[in-house]
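In: any chance you can model this:
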Amino acid sequence: MGCCDTPKPRKSYDGKDIHETVREGYARIAETGILSTATAPKGGGCCGGVSADELAKQIGYSADEIRALPEGANMGLSCGNPTAIANLKPGQVVVDLGSGGGFDVFLAGPKVGPTGRVIGVDMTPEMLGKARRNTAKYRERTGLDNVEFRLGEIEHLPLADASVDVVISNCVINLSPDKPAVWREIARVLKPGGHVVASDMALLRPLPASVAQMMEALVGCVAGAVPLEEYRSMVVAAGLADTVLTPKPEYVASLTDVQDPLFQEIAKALPKGTTAADFITSVDVTARRPGAR
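Out: Numbers count the residues shown, from 1 in each chain. The predicted model follows:
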């Protein structure tokens, strides 16, 4: 999940400003763990009343997985656990879209083993620097040299056609100003028969304009979300098959329960008698590129 405060809103909301705002916000997270001292979290995670480790446990990561990570790889930016359902196998090439500090990359590495490869792609240099510094700790802990991190935007992946067995992503695609392009890129880089597992955010009903225009809500993975059926249509239009969307409403409900600062702000702008969970949900998205391996 993105964090709970952003720089002051820009006058425009076009694609360039979205990219710049997201990049600025996540650079600050990489450097400080928070976006602003004005809403610095009390729980140790990026988003308020729950720590990054506790949030990871709530969405399906095991205590052993969390303990095995290099320090600082988990920044509380997840809204699901794609590595748990990706069925990763030794020898596969995996790419993580929006890899941040390397959280899911470092968990996927041991699953694909010494003959596999995990590539993290992120557009924020500060995040890449953090992940690359953590790589030495990963190698020391696992004895594996099978992960790397590349600078790039997920709308233009720095990967060859049909070069990847599995694409994973965790609460990132909603941040893109051109989500159909992201899904076309996923289809392009997947090998025939390869598959994608993405944890993301989607809308159950339209957001009030006051929320949809909040830059806090954009970087916080809310304002950029699209309706579930629109999401499904994007995946299918990219040429992927066997598309399944599985809503996970408990994620948003848990952040509301712990009075996450972002969701407290969103609550103020919602119609009386509603909560964020009435409008937005975490969702697991799975699909595959048609064809035989």
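In: wait, residue 270 touches residue 214, no?
Out: No. Counting by Cβ atoms under 8 Å, residue 214 is not a contact partner of residue 270; they are 11.7 Å apart. In this view, the C-beta of every residue, glycine as well, is placed from N, C-alpha and C.
In: these two: which is more packed in?
Out: Applying other Cβ atoms under 10 Å to residue 270 and residue 214 shows that residue 214 carries more neighbours, namely 21 against 17.
In: which pLDDT does the model give that one?
Out: Note on residue 214: pLDDT of 70.
In: looking at it, it is touching residue 265, isn't it?
Out: Yes. At 7.4 Å, residue 214 counts as touching residue 265 under the criterion of Cβ under 8 Å.
In: surely residue 23 is in a helix?
Out: Yes. The assignment for residue 23 is a helix, going by DSSP: H, G, I helix; E, B strand; the rest coil.
In: neighbours of the spatially closest residue to it that is not a sequence neighbour, how many?
Out: Nearest non-adjacent residue to residue 23, counting by Cβ to Cβ, 6 or more residues apart in numbering: residue 124, 5.3 Å away. The tally of other residues near residue 124 (other Cβ under 10 Å) stands at 22.
In: wouldn't residue 151 be in contact with residue 128 here?
Out: Yes. Using Cβ under 8 Å, residue 151 makes contact with residue 128 at a distance of 5.7 Å.
In: among the two, which residue is more densely surrounded?
Out: Remark: of residue 151 and residue 128, residue 128 carries more neighbours, 22 against 12, as counted by other Cβ under 10 Å.
In: what residues are up against the more buried one?
Out: Counting by Cβ atoms under 8 Å, 6 or more residues apart in numbering, residue 128 makes contact with 122, 149, 150, 151.
In: most neighbours, which of these?
Out: residue 122 (28 neighbours).
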